[in-house]
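[1] can't give you the sequence, but here's the structure:
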Ligand SMILES: Nc1nc2c(ncn2[C@@H]2O[C@H](COP(=O)(O)OP(=O)(O)OP(=O)(O)O)[C@@H](O)[C@H]2O)c(=O)[nH]1
Ligand SMILES: [K+]
Ligand SMILES: [Mg+2]
């Protein structure tokens, strides 16, 4: 097998910065240190001050060098970290010098963590935890990422896989030693009991209302309602900037306009949408269709009504779900008519009532996030594979219950093991590795 490349990259922020951290990993690290560091290869795990010179012997910079010999390093390979002045010229000079060597190249996004994964230092969910902690903006995102990086998801999947391996062994015994004496259900009863428990646990995990994904990607709030109710005016208030066009002409908004806020300690995407009405205008009709999609996909719908509109009672029941907040707007133009039960009465124009509405959104998101202690799904990838695994387990249960053959059940259980295994990356991951690690930043 050809020797693996040694990779290098700037692992700290873009220059100019106080310090630049260049990270090298791979089989050429020792030779590169001998060649370019005045003090040669530093003592392992000991930061040493040294000059760094280029391929002509000219000084690149003076800085700290930290050598971590494999396999006791992040990537499992020899790694060298160089702490230089954070200037663009220094960084370019150093990287040009290193990559001039045969077998030394710039790292791909996430390549260090991918090497850590391939060295077995992390499983795939822990590697994803590395990306998530780098992207984390909220305390909740950081806590979830730390838990995932620390094996929080892995231990659940490992436990399910261990239990399932035990069930498979029982099924294989039932296949190899069908004991005529016992009635079939005597051998399958304990298997079905274990299978049922596993199916229940995985169904519970899948029924977590997507909290892990929402903490990571953000909760979704849709502002919907009739044309001219003041939806865009409200969005601009909540966005604290003129994100959406406001006019007195009904049918102004066509595209779904999303703004990102942190409310209740969580990232929240607030979407302004086209006014809901039947229209001949095909562009506006497409806007209305998109508004309806946004309404269905949202975790919370703000249903905006215009206090001054004659038909304020128009509350389309299509969108009435238990999480809607009915917001009567334009309170500066008049009181809420009898018979309309408003959760909030605001004037998006002068801002009255908007703070209380914002706090209500924060409370909704905070309560939603708190309703599941430790989600074991934080990405669509996990959800898809776990859903496939669940259907394989249900097929195995059916096969055993209908006594159509333990062989069939064994095959379904093996399939479920592969699906669970692909979540933590022990099997069948070649197709996802590219997608998972391409999301990383360079140098990680
Ligand atoms: N008096 C008063 N006028 C408001 C208020 N909110 C919005 N308006 C006005 O109502 C009109 C419509 O506002 P928009 O924010 O464009 O309403 P919209 O619901 O986004 O309208 P479409 O995008 O066409 O569906 C504009 O002239 C706004 O200035 C309010 O609280 N009080
Ligand atoms: K309008
Ligand atoms: Mg609008």
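    Nice, I can see it. The structure presented is a predicted model; accordingly, all values stated were derived computationally and were not measured. Numbers count the residues shown, from 1 in each chain. Ligands and ions are numbered 1, 2, ... in the order given.
[2] ok and the residue in the stretch 1-150 of the chain nearest ligand 2?
    Here the stretch 1-150 of the chain gets closest to ligand 2 at one residue, residue 137, 32.5 Å apart by Cβ to the ion. (C-beta placed from N, C-alpha, C; glycine too.)
[3] near ligand 2, which residues of the stretch 151-300 of the chain show up?
    Within the stretch 151-300 of the chain, the positions near ligand 2 by Cβ under 5 Å from the ion are 228, 252.
[4] Tell me where the stretch 151-300 of the chain is predicted with low confidence.
    Within the stretch 151-300 of the chain, the stretches with pLDDT under 70 are 178-186.
[5] Alongside ligand 1, which residues does it contribute?
    Residues of the stretch 151-300 of the chain lying near ligand 1 by Cβ under 6 Å from any ligand atom: 227-233, 246-248, 250-253, 274-275.
[6] what do you get if the cut-off is 8 Å, keeping everything else the same?
    225-236, 244-253, 272-275 (Cβ under 8 Å from any ligand atom).
[7] Mind checking which of those residues are buried?
    225-236, 244, 246, 251-253, 272-275 (16 or more other Cβ atoms under 10 Å).
[8] quick one on the thing from earlier: tell me the SS of the residue of the stretch 1-150 of the chain closest to ligand 2?
    Classification of residue 137 using DSSP: H, G, I helix; E, B strand; the rest coil returns coil.
[9] Would you confirm that it contacts residue 268?
    No. The criterion here is Cβ atoms under 8 Å, and residue 137 misses it with residue 268 at 11.7 Å.
[10] related to what we said a few turns ago, return the subset of the residues of the stretch 151-300 of the chain next to ligand 1 lying in helices.
    Of these, the ones assigned to helices by DSSP state H are 231, 232, 233, 234, 235, 236.
[11] And the residues you listed, which is closest to residue 377?
    residue 235 (30.2 Å; Cβ to Cβ).
[12] Now do the same contact list for the closest one.
    223, 243, 244, 257, 259, 270, 272 (Cβ atoms under 8 Å, 6 or more residues apart in numbering).
[13] rewinding a little: show me which of residue 137 and residue 268 is the more surrounded one.
    Comparing residue 137 with residue 268 by neighbour count (other Cβ atoms under 10 Å), the higher total belongs to residue 268, at 23 against 12.
[14] How about whatever helix or strand the more buried one lives in and ligand 3, any contact?
    If you go by DSSP states H and E, residue 268 is part of strand 266-272. No. Figure legend: strand 266-272 not in contact with ligand 3 (Cβ under 5 Å from the ion); closest approach 5.8 Å.
[15] does the closest residue to ligand 1 within the stretch 301-444 of the chain sit in a helix, a strand or a coil?
    Of all residues in the stretch 301-444 of the chain, residue 349 sits closest to ligand 1, at 3.4 Å by Cβ to the nearest ligand atom. What three-state DSSP gives for residue 349 is coil.
[16] just residue 52 next, same as before
    strand.
[17] State the distance from it to residue 59.
    Remark: distance between residue 52 and residue 59 (Cβ to Cβ, to the nearest Å) = 8 Å.
[18] can you check residue 393 too?
    63 Å.
[19] Give me the more crowded residue out of those two.
    residue 393 (27 against 11).
[20] I am assuming that one contacts residue 195, so please confirm or correct that.
    Yes. In this structure residue 393 lies within contact range of residue 195 using Cβ under 8 Å: 6.3 Å.
[21] Surely residue 54 is in contact with residue 93?
    Yes. Contact criterion Cβ under 8 Å: residue 54 and residue 93 qualify, at 6.4 Å.
[22] Between these two, tell me which one has more neighbours.
    residue 93 (18 against 15).
[23] What helix or strand is the more buried one located in?
    Assigned by DSSP H and E, residue 93 falls in helix 88-99.
[24] Residues touching that helix, excluding its own?
    So helix 88-99 is in contact with 8-10, 15-16, 20, 22, 24, 32, 36, 52, 54-55, 60-61, 82, 84, 104-106, going by Cβ under 8 Å, 6+ apart.
[25] so of these, which ones are in strands?
    Where those overlap with strands, as defined by DSSP state E, the overlap consists of 8-10, 20, 22, 24, 52, 60-61, 82, 84, 104-106.
[26] quick check, nearest of the residues you listed to ligand 1?
    Closest to ligand 1, out of all of the ones in strands among the contacts of helix 88-99 and judged by Cβ to the nearest ligand atom, is residue 10, at 44.7 Å.
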